[in-house]
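Enquirer: Provided below for reference: sequence and predicted model.
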Amino acid sequence: MLSAPSPSQPVRVAMWSGPRNLSTALLRSWGSRPDAAVVDEPLYAAYLAATGLDHPGRDAVLASQPTEWQDVAATLSGPVPGAARIWYQKHMAHHLLPHVGREWLDHPSFRHAFLIRDPAAMVVSLDRVTPGPTLADTGLPQQVELFDRMAQRDGAAPPVIDAADVLRDPERLLRALCARLGVPFDPAMLSWAPGPRATDGVWAEHWYASVEASTGFAPPRPEAVEVPDRLAPLVADCQPLYDTLADHRLP
């Protein structure tokens, strides 16, 4: 059983998600806890600097965060903002590029978790904002790699949650997730005030309109989607990786 956090031993919850997976709503959820600090995609600038990709707001992102992954790792492993008991770190798994070291993630104060979504729904949604995505863009290969690493480190599978399950029953899933992470559940995680947050990334103006209008987890939507033929091979490549993680998702 994982120990509860204490002021001398804060818990760093590293949530590894792919894009279009409900990750920012979960950031809102954890940010609503009075005992938690949150950080939004801290490896994004390092990812853009290394790949040269021209995402919306690229220059502002590069100016807002360290562009060397080593600097990001040192910050995330260092003092917790505001001496909070919990530091929730929202990560996009595809930001974990091959050259980025993994050893810092083995620090015992990190408790890793994984957020997944049905591949067909995720790929179709991703294609709307990033046309022609690749398997690496989905973050699934990186999620499986890190999942295997942490399972070996801990001798047990780390927690996995599916976005659809969270939407169907947020309180049950969040209670289960908190239990697996060794932190107490807080009902404050179930709702939040609308609007932006100072902790949002500078890219919020491009991506966060829906979450800024939200006050909680939206009712579940049907995940059955029509996959265009050009995206079918990618969905097929994603499926076994998703299934590997989904086999361990919290019930």
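Expert: Perfect, thanks for sending it. Because the structure is a prediction, the values reported are computed rather than measured.

Enquirer: just the strands in the stretch 51-200 of the chain please.
Expert: 86-92, 110-116, 160-162 (DSSP state E, counting those that start in this stretch).

Enquirer: give me the contact list for the last one.
Expert: Residues from elsewhere that reach strand 160-162 (Cβ atoms under 8 Å, 6 or more residues apart in numbering): 113-118, 147, 173, 177, 245-246, 248-250. All C-beta atoms are positioned from the backbone trio N, CA, C, and that covers glycine.

Enquirer: among the residues you listed, which are in helices?
Expert: 147, 173, 177, 245-246 (DSSP state H).

Enquirer: using JSON lines, lay out these together with distance to residue 36 and neighbour count.
Expert: JSON lines is the format used below for the ones in helices among the contacts of strand 160-162 (distance: Cβ to Cβ, whole Å; neighbours: other Cβ atoms under 10 Å):
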{"residue": "147", "distance to residue 36": "23", "neighbour count": "23"}
{"residue": "173", "distance to residue 36": "17", "neighbour count": "22"}
{"residue": "177", "distance to residue 36": "13", "neighbour count": "24"}
{"residue": "245", "distance to residue 36": "24", "neighbour count": "21"}
{"residue": "246", "distance to residue 36": "27", "neighbour count": "17"}
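
Enquirer: any chance of those in CSV, plus pLDDT?
Expert: Conversion of the ones in helices among the contacts of strand 160-162 to CSV gives the following (pLDDT from 0 to 100):
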residue, pLDDT
147, 98
173, 97
177, 98
245, 98
246, 98
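
Enquirer: farthest pair in these?
Expert: 147 and 173 (17.9 Å; Cβ to Cβ).

Enquirer: of all the strands of the stretch 51-200 of the chain, which one is nearest residue 77?
Expert: strand 110-116 (8.0 Å).

Enquirer: I'd like the average pLDDT over the closest one.
Expert: What strand 110-116 shows for mean pLDDT is 97.

Enquirer: who's in contact with it?
Expert: By Cβ under 8 Å, 6+ apart, strand 110-116 touches 2, 11-18, 21-23, 26, 105, 140, 143, 146-147, 150, 158-163, 177, 180-182, 242, 245-246, 249.

Enquirer: just give me the neighbour total for the residue nearest to residue 176 when sequence neighbours are not counted.
Expert: Closest residue to residue 176 apart from its sequence neighbours, by Cβ to Cβ, 6 or more residues apart in numbering: residue 250 at 4.5 Å. For residue 250, the count of nearby residues is 18 (other Cβ atoms under 10 Å).

Enquirer: I figured residue 250 hits residue 169, correct?
Expert: No - if you go by Cβ atoms under 8 Å, residue 250 and residue 169 don't touch, sitting 10.7 Å apart.

Enquirer: confirm that residue 37 sits in a strand.
Expert: Yes - counting by DSSP: H, G, I helix; E, B strand; the rest coil, residue 37 is part of a strand.

Enquirer: right, and it touches residue 87 too?
Expert: Yes - counting by Cβ under 8 Å, residue 87 is a contact partner of residue 37 at 5.0 Å.

Enquirer: tell me which of the two has more neighbours.
Expert: A count of neighbours by other Cβ under 10 Å puts residue 87 above the other of residue 37 and residue 87, at 23 against 20.

Enquirer: phi, psi of residue 242?
Expert: The phi/psi pair for residue 242 (degrees, to the nearest 10) reads phi -60, psi -40.

Enquirer: how close does it get to residue 57?
Expert: 29 Å (Cβ to Cβ, to the nearest Å).

Enquirer: neighbour count for the two, which is higher?
Expert: The neighbour comparison of residue 242 against residue 57 (other Cβ under 10 Å) goes to residue 242, with 23 against 17.

Enquirer: ok, the more buried one - contacts?
Expert: 116, 118-119, 140.
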